[in-house]
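Colleague: Next comes the sequence, and after it the predicted model I'd like to discuss.
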Amino acid sequence: MKKVITYGTFDLLHYGHVNLLERAKKMGDYLIVVLSTDEFNWKEKQKKCYFTYEERKRLLEAIRYVDLVIPEESWEQKISDVQEYKIDTFVIGDDWEGKFDFLKEYCEVVYLPRTPEISTTQIKKDLKNNEIDKKSGK
């Protein structure tokens, strides 16, 4: 059985996320998603999520490509996750290109192109701008 792992926050889940998960799953038989906890997001990324860890986990578990969701609590856990779960392929978006090459010693590392027209950051900006437009009557 070929095992694939990916990492992310997956807040405001959208079709770009689903595209990434589908492509990751096609690279193996079993897909593990390591989901950033709320504490890790805030402490390490200065990122506040709209949905809680448990809500984001539940959404990911409902996606047919995902076999297991585990928590990401530190940047350093990647090597131990790869070893513990006997991972064959580490997959992440190409905006991280080169950042995880140190894992090549343990498994294949693949940087997948992101879905260009969608991102959580863009959704948040659009929602904020829409709210501003409503207040100004535009």
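Modeller: Cool, got the structure.
Colleague: Now do residue 103: how many residues are near it, please.
Modeller: Applying other C-beta atoms under 10 Å, we find 19 residues neighbouring residue 103. Just so you know, the C-beta spots here come from the backbone N, C-alpha and C atoms, and that holds for glycine as well.
Colleague: For it, give its distance to residue 95.
Modeller: 17 Å (C-beta to C-beta, to the nearest Å).
Colleague: same check, this time on residue 48
Modeller: Taken as C-beta to C-beta, the span from residue 48 to residue 95 is 20 Å.
Colleague: what do you get for residue 6?
Modeller: Relative to residue 95, residue 6 is positioned 13 Å away (C-beta to C-beta).
Colleague: between the two, who's got more neighbours?
Modeller: Each of residue 6 and residue 95 has its neighbours counted (other C-beta under 10 Å); residue 6 has more, 24 against 10.
Colleague: Kindly list the main-chain dihedrals of the more buried one?
Modeller: Dihedral angles of residue 6 (phi, psi; degrees, to the nearest 10) stand at phi -140, psi 160.
Colleague: ok, now residue 97?
Modeller: Dihedral angles of residue 97 (phi, psi; degrees, to the nearest 10) stand at phi -40, psi 120.
Colleague: How about it, nearest residue that isn't a chain neighbour?
Modeller: Leaving aside its sequence neighbours, residue 97 sits nearest to residue 111 (C-beta to C-beta, 6 or more residues apart in numbering; 4.9 Å).
Colleague: tell me which element the one you found falls in.
Modeller: strand 108-112 (DSSP states H and E).
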